[in-house]
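*Asks:* Predicted model and sequence below, questions to follow.
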Amino acid sequence: MYNEKVDCIGCGACSEHCGLGLDPCNLMKLYNDFLDGKEEEVKAALAEYPEGKGPDRCFGCGACQFWCPQKIDIWHTMGTLVNLVK
Ligand code: SF4
Ligand code: SF4
């Protein structure tokens, strides 16, 4: 499957509204970095992620997406990132 980068501007609005305290802003950056060919750097960054704060913890509530000015499908992008780094 072909994955496209997300048009994230790094505003951080998503991260302010995640009830689990995840940081989708940074995770969207890592997703884009992965698609830019930085696979190993992204895997290393996620391996160092705080316990319970990785993209696999996202349960798709959509709260972050509601606030995203770019209307990014954060939930599905989280899932794609999880699969990419497997
Ligand atoms: S969809 Fe995921 S990242 Fe977004 S607010 Fe919900 S749990 Fe957090
Ligand atoms: S709210 Fe949208 S544009 Fe802003 S950091 Fe999050 S994903 Fe990127």
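*Replies:* Okay, I see it. Ligands and ions are numbered 1, 2, ... in the order given.

*Asks:* how close does Asp23 get to Pro50?
*Replies:* Separation of Asp23 from Pro50 (CB to CB, to the nearest Å) stands at 9 Å. Using the backbone N, CA and C atoms, a C-beta is placed for each residue, glycine as well.

*Asks:* between the two, who's got more neighbours?
*Replies:* Asp23 (21 against 9; other CB atoms under 10 Å).

*Asks:* Now for that one: which residues touch it?
*Replies:* 15, 53 (CB atoms under 8 Å, 6 or more residues apart in numbering).

*Asks:* Number the chain from 55, please
*Replies:* Let's use 55 as the start, then, which means that last one is Asp77.

*Asks:* The chain: helices as residue ranges?
*Replies:* 67-70, 78-89, 93-101, 117-121, 128-138 (DSSP state H).

*Asks:* looking at those, which is buried most?
*Replies:* Of those, the one with the most neighbours on average (mean count of other CB atoms under 10 Å) is helix 78-89, at a mean of 21.

*Asks:* Residues of the protein that sit close to ligand 1?
*Replies:* Residues of the chain lying close to ligand 1 (CB under 6 Å from any ligand atom) are 72, 74, 76, 78, 112-118, 128-129.

*Asks:* Many thanks, I have nothing further to ask.
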